[in-house]
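Visitor: Could you work out the structure for the sequence below:
(2 chains)
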Amino acid sequence: MVAGVEARVTRALGAARFGLLLVLFFRLAAGLFAQSAGSEEGRSRFCAVDIFVDSKTTPLAAYQLEFTVTNGATRIVGIEGGEHPAFREAPFYDPKAMQNERVVIASFNTGTNLPSGKSRVATIHLQTTETNTLQCELRLQAAADAQGTRVVAEASFEERKSK
Amino acid sequence: MRVPDDHEGRGDEGLEAPPELVSALKRLRQRRPVIPPTVDEAMFRAARRHLGEHGDKGAVATGFGLLSKLLREFRALSPWVAATAVVVAGFLAIHFLLGRPRALVEQKPTKPVESAGVEQGSSGERAARQNPESRPLDIVDALRLAKRLESGPVRESRWDVNRDGVVDGRDVQTIVVRAVRLEKGGRS
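Guide: Down below sits the predicted model:
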């Protein structure tokens, strides 16, 4: 009977040791992952992407566009307004976009001093890795003139060159 | 129970070992017994035989037995360990190979947007005017409402987007918030 109990205890000990071994393996793996993530973060860089809307000859009073970073290692960290006084204030956006890769930005101005042609309407700041080349998508959802009439416009983006 | 303290009242009395004992101990250190390796081996074999006869009980009882038992268990577990190592190695390989940032330059050109082809006076626009919520509200709706509010109070209930009974700047704000809202935490 004692031998039976001992055998059971031995088996249990064996299983426990095996479990411990597994835990140890995964701890090591997790450590490696953390180390890799840390080093990735350590090599991160910040960049700015200028967003342009070209409404040709029509004065632009409102725009709404969707900006998406398509390479996973890049995150949105800040959004600021454009160059023209009509859109100098930061556009509207969902705060959930911060630290994520997608944002919808929109802005309007009811004044008469409005930009026409190609104008920088916003700048999006991103955090990415040194090795990562920026890969983004931009989709203009809406644009309107001073009367609130929807107009045809073109949106584009350009990574700002660091000085 | 208190352990009797033998030091009490005795001082340093009797701390000196007898000279015979001291000299005997010194002799013992000088003359070390020489054990030939054959005897060592024989003892080792006898011990193994003995532990083998006594089975697990004997093995657990001694340090050597415990060690040999652990080694046996490790040998039994080694296929599992190897399998786990393979799984972990595969996992790491996948992570490092697929997790590498793609060095790809791609700027998809944006198409000119006609905002669903809506022009003022078209049927789509009329439908949207009748019920602004029949399609997703966007920044153009906010602009139109803001402009109308600038020229005077708006009484049409369809512009009361936030359902507070008044059409004002808060409705403009609500439209803007809806327009830029991300459904799932910013992820597409």
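Visitor: What is the subsequent helix or strand relative to the helix or strand of chain A with the lowest mean pLDDT?
Guide: Ranked by mean pLDDT, DSSP states H and E, the weakest helix or strand in chain A is helix A:2-42, scoring a mean of 62. Downstream of helix A:2-42, the next assigned helix or strand under DSSP states H and E is strand A:44-54.
Visitor: what's the distance between the residue positioned nearest the centre of chain A and chain B?
Guide: Nearest to the geometric centre of chain A sits A:E101, at 2.5 Å (CA atoms, centre = their mean). According to CB to the nearest CB, to the nearest Å, A:E101 stands 7 Å off from chain B. Quick note: C-beta positions are derived from backbone N, CA and C, even for glycine.
Visitor: List the backbone torsions phi and psi for that residue.
Guide: When read as degrees, to the nearest 10, the backbone of A:E101 gives phi -110, psi 10.
Visitor: you'd agree it is up against A:A73?
Guide: No: in this structure, A:E101 is not within contact of A:A73 by CB atoms under 8 Å, at 9.4 Å.
Visitor: okay, the nearest residue to B:E156 once chain neighbours are set aside: pLDDT?
Guide: In space, B:E156 comes closest to B:V167 once its chain neighbours are excluded; the distance is 6.9 Å by CB to CB, 6 or more residues apart in numbering or on different chains. At B:V167, the pLDDT value in this model is 94.
Visitor: in chain B, which spans are helices?
Guide: Taking DSSP state H as the test, the helices found in chain B are B:19-30, B:37-61, B:63-98, B:123-130, B:139-151, B:169-180.
Visitor: Give me whichever of those helices is most buried.
Guide: Burial of the helices of chain B is given as mean neighbour count (mean count of other CB atoms under 10 Å in any protein chain shown); helix B:139-151 ranks first at a mean of 21.
Visitor: tell me the angle of it relative to helix B:169-180?
Guide: If you take axes from the mean of the first three to the mean of the last three CA atoms, to 10 degrees, helix B:139-151 sits at 170 degrees to helix B:169-180.
Visitor: How about residues contacting helix B:139-151?
Guide: Identification of contacts with helix B:139-151 by CB atoms under 8 Å, 6 or more residues apart in numbering or on different chains yields A:61-64, A:92, A:106-108, A:110, A:142-144, A:148, A:150, B:115, B:128, B:132, B:154, B:159, B:167-169, B:171-172, B:175-176, B:179.
Visitor: which residues does the nearest residue to A:A48 once chain neighbours are set aside contact?
Guide: Distance criterion CB to CB, 6+ apart; nearest residue to A:A48, sequence neighbours excluded, is A:R160 at 4.2 Å. Counting by CB under 8 Å, 6+ apart, A:R160 makes contact with A:C47, A:A48, A:V49, A:D50, A:T123.
Visitor: nearest to chain B, of those residues?
Guide: Lowest distance from chain B to the contacts of A:R160 (CB to the nearest CB) belongs to A:V49, with 10.2 Å.
Visitor: so which strand or helix has the residue in chain A positioned nearest to chain B?
Guide: For chain A, the residue positioned closest to chain B under CB to the nearest CB is A:N100, at a distance of 2.8 Å. A:N100 belongs to no helix or strand when assigned by DSSP H and E.
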